[in-house]
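**Q** here's a sequence, model it:
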Amino acid sequence: MIGTVNNKQEIMVASSDMELWKANQAVRLGELRLTAQATALASAQTRLTSMIGWVVASIAIAGGIAFKSEFKVAGCILLGGVLLTGVIAIYAILPLKWAEVGAQPQIILEMSNQTELECQQSIALYYQNAITRNANRLGLIKQLATVAWIILLVTPPCAWIAQMFWKVITP
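**A** Reported below is the predicted structural model:
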């Protein structure tokens, strides 16, 4: 019977060690995921900033076409599409609430948890919530970037078609 108690204690110790290992791994994997999300955010912001550069140049060209040429309809449509693209791109890269790796020391010090296992589990859950919030924001940025690119690419053919139609209906 004593051997059985010792085996149960060993199993309990092994189980406790396993729980701590899982919590430590969850924290480590959470940190890796948050780091990957930060890289994805920086990449998306770089692409959108590049788009804004194209938008600025296109505004100058579209403005010249709209106000200084015989293709006023096409120029106005181009100008509107490019401006809309710019607004969407700027909105997508505005400063945002973003969770990063690591928690503020105050959060750790104020934890009511009593054991290392409980603390690691709390940090892992904190990271999981942060990962979810970041993923939602990255999804929104992706959608906005897609819409902006579509508008930027579709506007010139639409402007050309509108200009040709305008020439047909106004002799």
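
**Q** count the neighbours of the residue lying closest to Leu138 once chain neighbours are set aside for me.
**A** Counting by C-beta to C-beta, 6 or more residues apart in numbering, Leu138 lies nearest to Ala40, which is 5.9 Å off, once chain neighbours are set aside. C-beta: built from backbone N, CA, C; applies to glycine. By the criterion of other C-beta atoms under 10 Å, Ala40 has 15 neighbours.

**Q** Ala40 sits in which helix or strand?
**A** helix 2-68 (DSSP states H and E).

**Q** which strands and helices lie in contact with that helix?
**A** The contact analysis (3 or more C-beta pairs under 8 Å, 6 or more residues apart in numbering; DSSP states H and E) places helix 2-68 against helix 72-93, helix 116-169.

**Q** ok, now which ones touch Val82?
**A** Neighbouring residues of Val82 by C-beta atoms under 8 Å, 6 or more residues apart in numbering: Val55, Ser58, Ile59, Ala62, Leu152, Thr155.

**Q** turn those into a markdown table, including pLDDT and neighbour count.
**A** Shown next, in a markdown table, are the contacts of Val82 (pLDDT from 0 to 100; neighbours: other C-beta atoms under 10 Å):
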| residue | pLDDT | neighbour count |
| --- | --- | --- |
| Val55 | 95 | 22 |
| Ser58 | 94 | 20 |
| Ile59 | 95 | 16 |
| Ala62 | 93 | 24 |
| Leu152 | 95 | 20 |
| Thr155 | 96 | 22 |
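
**Q** I'd like those laid out as a markdown table, including distance to Gly86.
**A** As requested, the contacts of Val82 are exported to a markdown table (distance: C-beta to C-beta, whole Å):
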| residue | distance to Gly86 |
| --- | --- |
| Val55 | 4 |
| Ser58 | 9 |
| Ile59 | 7 |
| Ala62 | 11 |
| Leu152 | 9 |
| Thr155 | 12 |
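
**Q** so what's the gap between the lowest-mean-pLDDT helix or strand in the chain and the chain middle?
**A** The least trusted helix or strand in the chain, going by mean pLDDT, DSSP states H and E, turns out to be helix 105-109, with a mean of 81. Centroid separation for helix 105-109 versus its chain: 27 Å, with C-alpha atoms, centre = their mean, to the nearest Å.

**Q** what comes into contact with that helix?
**A** With C-beta under 8 Å, 6+ apart, helix 105-109 has contacts from Cys119, Ile123, Tyr126.

**Q** for Val87, state which of those is nearest.
**A** Nearest to Val87 among the contacts of helix 105-109, counting by C-beta to C-beta, is Tyr126 at 34.8 Å.

**Q** before we move on, back to that, and the least confident helix or strand of the chain, what's buried?
**A** By 16 or more other C-beta atoms under 10 Å, helix 105-109 has no buried positions at all.
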